[in-house]
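Colleague: Next input, structure requested:
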Amino acid sequence: MAKNKTTQTENSVTDFINTVDDEVKRNDSFELIKIIEQQTGFEPKMWGPGIIGFGNYHYKYDSGHEGDAPLAAFSPRKDAISLYLSTSFKNKEELLLKFGKYKAGKGCVYIKKLSDINIEILKEMIISSVKQIQKLYPSI
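Modeller: Below you'll find the model as predicted:
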């Protein structure tokens, strides 16, 4: 079975963010850390070389594939900041309608900058997403 590429590391979150060239994205990343840490109660940790995660859970799919992942995470990518949340959580579509400027992928929400979105809605989305993940994958 394939090994997960994205695992928690001991690399410095601050050092990673300081490598982000775009000043707005760098500053937004530090602000996102405060927001997500406040909403989850977990400190930021690096997951792989470029994802900042908060908390973790163990998942196991019907296929037998299993691993660990952060409860909430983000990554300041070149084109956008990727927000890693649950693919489905309570009121997701309603919250996204009030969220602001974003693009959505299968498992991510992409934003250009924090000033494009409603931070209070982001906070609700983080809480709902974490609750959904913890419901699906309760700690053993």
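Colleague: and the residue most central in space within the chain, helix, strand or coil?
Modeller: Nearest residue to the geometric centre of the chain (CA atoms, centre = their mean): A73, 2.1 Å. Assigned with DSSP: H, G, I helix; E, B strand; the rest coil, A73 falls in the strand class.
Colleague: doesn't G55 make contact with it?
Modeller: No - the criterion here is CB atoms under 8 Å, and A73 misses it with G55 at 9.3 Å. Where you see a C-beta, it was placed from the backbone N, CA and C, and this is true even at glycine.
Colleague: ok, back up a step: who are the contact partners of the residue nearest to the centre of the chain?
Modeller: Counting by CB atoms under 8 Å, 6 or more residues apart in numbering, A73 touches 47, 51-54, 83-84.
Colleague: and the two most separated of those?
Modeller: W47 and L83 (13.7 Å; CB to CB).
Colleague: burial of T14, as a residue count?
Modeller: By other CB atoms under 10 Å, the residues close to T14 number 10.
Colleague: Now do it, the pLDDT please.
Modeller: pLDDT recorded at T14 is 97.
Colleague: Can you tell me how far it is from F30?
Modeller: T14 sits 8 Å away from F30, going by CB to CB, to the nearest Å.
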